[in-house]
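In: With the sequence up front, the predicted model follows.
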Amino acid sequence: MSKLSTSKLENDPAAWRGQDMMGRDDWRVPINAMHREELDSAIEHAKGLEKNIVSLTQNDFPLPTLGPFLSALNNELEGGRGFVVIEGVPALELDEETGKIALWGMGQYLGLPAKQDGAGSLIHSVRDIGASVESTYNIRSYQTADPISWHNDGADIFMLYCLRTGKSGGESKLVSAVEIFNEIVRRRPDLAATLERDFWFDTRGQRQDGARVEVMPVYNRHNGLLTANMKYRYIHTAQRFADVPRLTKRQRQSLQLAQDIANEPGMAMEFPLAPGDILIANNYVTFHGRKAFEDWEKLEDKRHMLRLWLTIPNGRPLPSCFKDSRIYGEAYERRTRD
């Protein structure tokens, strides 16, 4: 059995418990009045340039004090607890296009945007389009009102910007992927070893080469760091393909144990995102999810989030199995290029 499977990660600041975090407020980082004024000014400046949103640079979106404030968050995202929630960003007064400008502009101070789908989209609207993952081949969980099981996104970090909330439900959930692994090692080191071996992941039709699945472990130890890749739902939907190996009993047990531990009292955080909140989290050390929600009737009132994926300048070295991944390959390639 490998060293990783029999030893937990000691003294890792990314190994935390939700009950402890919910008793603190240092993960909440409100912006101040000067930051908001800078943001309003930068939005108007960017609009005046009449450029495509995804071509805007830091120079097109000047944030004299908010910019360094945002850049400094990377030290907490990589090497710290792995997440923050920015509060107080304008939201309800913004239309979708202006919201995208605001998120894109702020993101420029954290890293480089990464593609989120096979079409190369760099900004996603997260809202219910009335479809189902189970019934539609290329629908992804964020396009539904369903509860979303524990998973991580692509690239190094994600930014999830709340413009409007639903009628009820939809609370965000966040858990330490590192602490989950530590707990699996304590209870079932044999299943920890299973999670280090290959699983088949459904690509949801998002690869340009047409590949329906990708193969990699759920947990990787690389350069002394634990790097996670959890797509619980998509591991299971991959089973619809006849040429994908059937999940073994031990694989099913290991995945279920990870989910069960994440759902145990005190392990995860659960909190609503209010309009103007931006959740930013490191995909390699946290898993996130969402409770089901009920939406409003009118389109203009419906729950609406905007999402950005980014690779960050201080991002960790990535294991070689990420090289050919659709959602991590860009981050891997940028490491080797830079």
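Out: It's in.

In: Stretch 304-323 spans what distance, first to last residue?
Out: The first residue of stretch 304-323 is 32 Å away from its last residue (CA to CA, to the nearest Å).

In: sorry, that was for stretch 153-169
Out: Stretch 153-169: ends 21 Å apart by CA to CA.

In: how about the helices of the chain, start to end?
Out: Counting by DSSP state H, the chain has helices at residues 3-6, 18-22, 33-49, 66-72, 74-77, 96-107, 177-187, 189-195, 232-237, 249-263, 329-337.

In: Residue 146 is nearest to which of those?
Out: helix 232-237 (9.5 Å; CB to CB). Bear in mind the C-beta positions are built from the backbone N, C-alpha and C, glycine included.

In: Check which helices and strands that closest one sits against.
Out: Here helix 232-237 touches strand 148-151, strand 198-202, helix 249-263, going by 3 or more CB pairs under 8 Å, 6 or more residues apart in numbering; DSSP states H and E.

In: what residues does that helix touch?
Out: By CB atoms under 8 Å, 6 or more residues apart in numbering, the residues outside helix 232-237 that reach it are 133-134, 141, 148-151, 199-204, 247, 255, 258-259.

In: tally of neighbours for residue 64?
Out: Residue 64 has 11 neighbouring residues, counting by other CB atoms under 10 Å.

In: Also residue 109?
Out: Neighbour count for residue 109, taken as other CB under 10 Å: 18.

In: Next one: residue 224 from residue 175, what distance?
Out: Distance, residue 224 to residue 175, by CB to CB, to the nearest Å: 22 Å.

In: Of the two, give the one with the bigger neighbour count.
Out: Neighbours around residue 224 and residue 175, counted as other CB under 10 Å, are more numerous at residue 175. The numbers are 26 against 8.

In: Bridge partners for that one, pull those for me.
Out: Beta bridges link residue 175 to residue 287, judged by DSSP bridges.

In: That one reaches residue 287, doesn't it?
Out: Yes. Under the criterion of CB atoms under 8 Å, residue 175 makes contact with residue 287 at 5.2 Å.

In: okay, and the common contacts of these two?
Out: 150, 262.

In: which stretch among the helices and strands packed on helix 232-237 comes nearest residue 59?
Out: strand 148-151 (35.1 Å).

In: tell me what the closest one is packed against?
Out: Using 3+ CB pairs under 8 Å, 6+ apart as the contact test, the elements touching strand 148-151 are helix 232-237, helix 249-263, strand 286-290.
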